[in-house]
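*Asks:* sequence unknown, structure follows:
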């Protein structure tokens, strides 16, 4: 059984082409005819080129075998580490991530509201500590609701 994998062709002339190729179970990649023609044209023109497959967040170089068939060189795969992707998600989130964060903040806001109701209903006597705790839960609910509203706003 085979599946599709995203492949990018870059040449020294500045040409960049992205296409989907067939990935076979033995880690061989069969390029589509359009991309194979670009590789042939680069070789005939004496240009340097690079073929890279994109798999699970990593860039995997392709090693030529025969005709339009290449092998994944997983030994030389490169990609961002898990921590750098996490830092990027927090410092430079996409629109979808911001909406997800907004929904998460709304969920936490609802949890604070439910916590407030349960806390107030469960106290035996009211004192300064109870008032401060209840106020903190209400303030947390309000702040999280506002953050969620800003982040989940989306496009108009």
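*Replies:* Noted; the coordinates are in hand. Values in this document were obtained by computation on a predicted structure and should not be read as measured data. Numbers count the residues shown, from 1 in each chain.
*Asks:* separation between residue 134 and residue 111?
*Replies:* In this structure, residue 134 and residue 111 are 15 Å apart, going by C-beta to C-beta, to the nearest Å. In this view, the C-beta of every residue, glycine as well, is placed from N, C-alpha and C.
*Asks:* and these two? which has more neighbours close in?
*Replies:* For residue 134 and residue 111, the more surrounded residue by other C-beta atoms under 10 Å is residue 134, and the numbers stand at 17 against 14.
*Asks:* Buried residues of the strand or helix carrying that one, list them for me.
*Replies:* Element membership for residue 134 (DSSP states H and E) is helix 128-151. In terms of neighbour count (16 or more other C-beta atoms under 10 Å), helix 128-151 has its buried residues at 134, 137, 140-141, 144-145, 147-148, 151.
*Asks:* Pull the most distant pair out of those.
*Replies:* The span of the buried residues of helix 128-151, defined through C-beta to C-beta, is set by 134 and 151 at 26.1 Å.
*Asks:* what's the residue of the chain most remote from its centre sitting at in phi/psi?
*Replies:* What lies farthest from the middle of the chain is residue 125; by C-alpha atoms, centre = their mean that is 49.6 Å. With angles defined as degrees, to the nearest 10, residue 125 sits at phi -140, psi 150.
*Asks:* just how off-centre is the lowest-mean-pLDDT helix or strand in the chain within its chain?
*Replies:* Lowest on mean pLDDT, DSSP states H and E among the helices and strands of the chain sits strand 78-79, with a mean of 80. Relative to the centre of its chain, strand 78-79 is centred 14 Å away, using C-alpha atoms, centre = their mean, to the nearest Å.
*Asks:* shift numbering so it begins at 55
*Replies:* Taking 55 as the first residue, the last one we looked at is strand 132-133.
*Asks:* quick one: strands adjacent to that strand?
*Replies:* Strand 132-133 pairs in its sheet with strand 112-120 (antiparallel), by DSSP bridges.
*Asks:* I'd like the next helix or strand past the strand it pairs with.
*Replies:* As assigned by DSSP H and E, the chain's next helix or strand after strand 112-120 is strand 123-126.
*Asks:* pLDDT of that next one, averaged?
*Replies:* In this model, strand 123-126 has an average pLDDT of 92.
*Asks:* same check, this time on stretch 166-175
*Replies:* Stretch 166-175 shows a mean pLDDT of 95.
*Asks:* Check stretch 84-103 too.
*Replies:* 91.
*Asks:* buried sites along it?
*Replies:* 85, 89-90, 92-93, 96, 103.
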